[in-house]
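In: Turn this into a model:
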Amino acid sequence: MSTLASRFDTNPILRPSEVKPSRPDMKIECLLNPGAFRYQNRIGLLLRVAERPVQEDGWVSVPIVDPTSEGGLRIFRCRADDPKLDFSDARVFTYDGKQYLTTLSHLRLAWSTDGRHFVADDKPTLTGQNALQSFGLEDSRVAFIDGRYYLTYTEVSEAGVGVGMTSTADWMQFHHHGMIIPPHNKDCALFEERIDGHYYALHRPSGVGLGGNFIWTARSPDLLHWGDHRCIARTRRNAWDSGRVGAGASPIKTSAGWLAIYHGADDKPRYSLGLLLLDLKDPTKVIARSTKPIMEPEAAYELTGFFGNVVFTNGHVIDGDTVTVYYGASDEVICGATLSIQTLLATLA
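Out: A predicted model of the protein is given here:
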């Protein structure tokens with residue numbers, strides 16, 4: 001295994017069976033890619049919880065957010081042998097030319113006093129509420145800025161995939177800011193302080209035809225209106241990140257620059273983690289980039305699962321030189337690992 005990352009000996013630290021479904025007729029299929037933060041001497045994770053109705057033999061059913069339906073959900077059902085159904089992908093299926101997700105995701109808090117043993121809340125924290133969230137909320141990043149926690153996450157619907165934002169001071173009262181970057185966009189990580197008077201973010205538009213799944217920067221005067229978009233990291237041919245790249249959690253401020261952990265996938269796809277080092281005064285400038293992964297799927301729980309060969313992070317906490325990375329493994333379970341910031345920087349020298 002990689003000598004850079006020290007995996008928790010208690011991995012996986014959260015499994016689907018340890019989290020309560022949002023309602024009795026639902027089953028949790030996967031726990032994925034949590035945001036991470038500190039609050040009142042505890043570490044919190046904002047989990048992506050993917051669930052669907054308990055399946056009946058011979059049928060395929062999925063939930064869709066619909067405020068006009070009882071309980072805010074509508075269940076779509078079709079026969080498994082219907083010739084209009086294409087169910088070749090575990091994550092997405094097509095029925096009569098229209099795409100659906102096989103699960104509906106919401107965001108849910110889990111808490112720990114030691115950073116290794118977590119208990120998830122019994123109920124969802126944030127759920128889809130409108131037409132732009134009809135296929136759910138995914139992959140939250142948490143940034144602490146000016147005394148508030150800002151949650152950026154993916155809003156999914158048949159209209160596309162965009163970046164939504166919510167903020168809170170106490171994890172009980174939430175202010176919803178709406179979709180701040182329209183489709184097709186995701187993997188939005190906010191810098192946790194202003195640079196030359198502006199807020200900055202990493203984000204990931206997805207190209208159709210020209211372009212690709214690359215990492216971009218954007219800046220804003222108020223966290224709501226984003227402009228000055230610049231592409232700073234592209235996929236690399238025949239490399240571990242040849243298929244797509246995307247930001248992890250908020251970049252870490254170091255004396256050498258902003259250290260950003262990002263995910264990359266090859267064409268298999270196999271998801272691993274790498275580094276970008278960005279200029280402190282101008283984060284649109286890339287100082288260095290990993291040539292090899294700092295962490296890749298190696299443990300059994302990373303190699304097999306709902307969608308195997310995946311380590312994917314969008315949450316970490318910092319304690320001196322130690323960064324504790326919380327990550328989704330095989331699109332099914334939540335795990336943790338620690339890395340040394342100075343050692344990571346040395347790999348970029």
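In: what's the burial count for the residue lying closest to residue 87 once chain neighbours are set aside?
Out: Residue nearest to residue 87 in three dimensions, not counting chain neighbours: residue 93, with 4.6 Å by Cβ to Cβ, 6 or more residues apart in numbering. For glycine as for every other residue, the C-beta is placed from the backbone atoms N, C-alpha and C. Using other Cβ atoms under 10 Å, residue 93 has 18 other residues around it.
In: Tell me the helices and strands packed up against the helix or strand harbouring residue 93.
Out: Using DSSP states H and E, the element containing residue 93 is strand 92-95. When contacts are defined as 3 or more Cβ pairs under 8 Å, 6 or more residues apart in numbering; DSSP states H and E, strand 92-95 sits against strand 85-86, strand 98-101.
In: Just checking: what are the partner strands of it?
Out: Paired strands of strand 92-95, with direction, are strand 85-86 (antiparallel), strand 98-101 (antiparallel) (DSSP bridges).
In: Flag every buried residue along that strand.
Out: 93, 95 (16 or more other Cβ atoms under 10 Å).
In: now stretch 24-42
Out: Buried residues in stretch 24-42, defined by neighbour count with 16+ other Cβ under 10 Å: 26, 28-37, 39.
In: Low-confidence bits of the stretch 51-200 of the chain, can you list those?
Out: For the stretch 51-200 of the chain, no stretch has pLDDT under 70.
In: for this protein, which helix is longest?
Out: As assigned by DSSP state H, the longest helix anywhere in the chain is helix 341-347.
In: buried residues in that one?
Out: Residues of helix 341-347 classed as buried by neighbour count (16+ other Cβ under 10 Å): 341, 344-345.
In: by contact count, what packs against it?
Out: Going by 3+ Cβ pairs under 8 Å, 6+ apart, helix 341-347 lies up against strand 252-254, strand 257-265, strand 271-278, strand 322-329.
In: Can you convert these into TSV and add a column each for distance to residue 201 and mean pLDDT?
Out: Formatted as TSV, these follow (distance: least, Cβ to Cβ, whole Å; pLDDT from 0 to 100):
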stretch	distance to residue 201	mean pLDDT
strand 252-254	15	98
strand 257-265	11	98
strand 271-278	12	98
strand 322-329	20	98
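In: Those into JSON lines, with extra columns for distance to residue 106?
Out: Output for those, formatted as JSON lines (distance: least, Cβ to Cβ, whole Å):
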{"stretch": "strand 252-254", "distance to residue 106": "28"}
{"stretch": "strand 257-265", "distance to residue 106": "22"}
{"stretch": "strand 271-278", "distance to residue 106": "22"}
{"stretch": "strand 322-329", "distance to residue 106": "15"}
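In: Relative to residue 102, which of these is closest?
Out: Closest approach to residue 102 among the helices and strands packed on helix 341-347 is made by strand 322-329 (16.4 Å; Cβ to Cβ).
In: so what secondary structure elements neighbour the closest one?
Out: So strand 322-329, by 3+ Cβ pairs under 8 Å, 6+ apart, packs with strand 26-39, strand 311-319, strand 333-340, helix 341-347.
In: Sheet partners, orientation included, of it?
Out: Next to strand 322-329 in the sheet, as set by DSSP bridges, lie strand 311-319 (antiparallel), strand 333-340 (antiparallel).
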